[in-house]
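Q: Fold the following and give me the result.
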Amino acid sequence: MLLFKPWHVPMIVEGKPRWKTQTRRFGKRRWRVRAIHQCATRLFDRNAVFARVEILRVWSERLGAISLEDANAEGYDTVQDFLVAFHQVNRTRRTAAARREVANREVWVVEFTPVDSDGTLCPEVVQYLRELYGGGHCFT
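A: Alright, predicted model coming up:
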């Protein structure tokens, strides 16, 4: 299970305002490539499950090493927007020194794609990928 804040739901399910295809997490590695995980906004509540995703890649990096491309994959327009949201989600202290310390910490980066209950890509994701890469690719 991957937990997300409610404001992430439209980013993952509908790509609004931007597709979220990555998440950064503290702690130990809990995700295997090609595994299917449920996404929810609360633990132990079946009504909080909003999507299923397939894990595409998992790697470790310093939080402060995030690029603009990665911030976009997190669903944000800028690195700064992503970092503000990350600190809010993880409830890090608001002092500049504390934020610098967090920026040097290693996080797990989990890249994923939404899938339907049978494991196929959601139609919205297929359409997005076709728009992104052109109609000549087969994504289903």
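
Q: Can you list the neighbours in contact with the biggest strand by length in the chain?
A: Ranked by residue count under DSSP state E, the longest strand found in the chain is strand 49-62. Strand 49-62 has contacts (Cβ atoms under 8 Å, 6 or more residues apart in numbering) with 2, 9, 12-13, 29, 31-41, 103-117, 119. In this view, the C-beta of every residue, glycine as well, is placed from N, C-alpha and C.

Q: From those, list the buried ones, please.
A: 2, 9, 12-13, 31, 37, 39-41, 103, 107-115 (16 or more other Cβ atoms under 10 Å).

Q: State the distance from residue 5 to residue 60.
A: Remark: distance between residue 5 and residue 60 (Cβ to Cβ, to the nearest Å) = 22 Å.

Q: what does residue 111 give?
A: 13 Å.

Q: cool, residue 40 as well?
A: Residue 40 is 24 Å from residue 60, by Cβ to Cβ.

Q: What are the boundaries of the helices in the protein?
A: 9-13, 68-73, 79-90, 96-103, 123-133 (DSSP state H).

Q: mean pLDDT lowest for which of those?
A: Lowest mean pLDDT of those: helix 123-133, a mean of 61.

Q: got a list of what the residue nearest to residue 92 when sequence neighbours are not counted touches?
A: With sequence-adjacent residues excluded and distances taken as Cβ to Cβ, 6 or more residues apart in numbering, residue 92 is closest to residue 102, at 5.0 Å. Counting by Cβ under 8 Å, 6+ apart, residue 102 touches 63, 87, 90, 92.

Q: Pull up the per-residue confidence for the closest residue to the first one other than its chain neighbours.
A: Nearest non-adjacent residue to residue 63, counting by Cβ to Cβ, 6+ apart: residue 107, 4.9 Å away. In this prediction, residue 107 carries a pLDDT score of 95.

Q: Repeat that for residue 16.
A: 86.

Q: Would you list the phi and psi of residue 4?
A: With angles defined as degrees, to the nearest 10, residue 4 sits at phi -130, psi 160.

Q: Please report the confidence value the model assigns to the residue nearest to residue 89 when sequence neighbours are not counted.
A: Closest residue to residue 89 apart from its sequence neighbours, by Cβ to Cβ, 6+ apart: residue 5 at 5.8 Å. For residue 5, the pLDDT comes out at 93.
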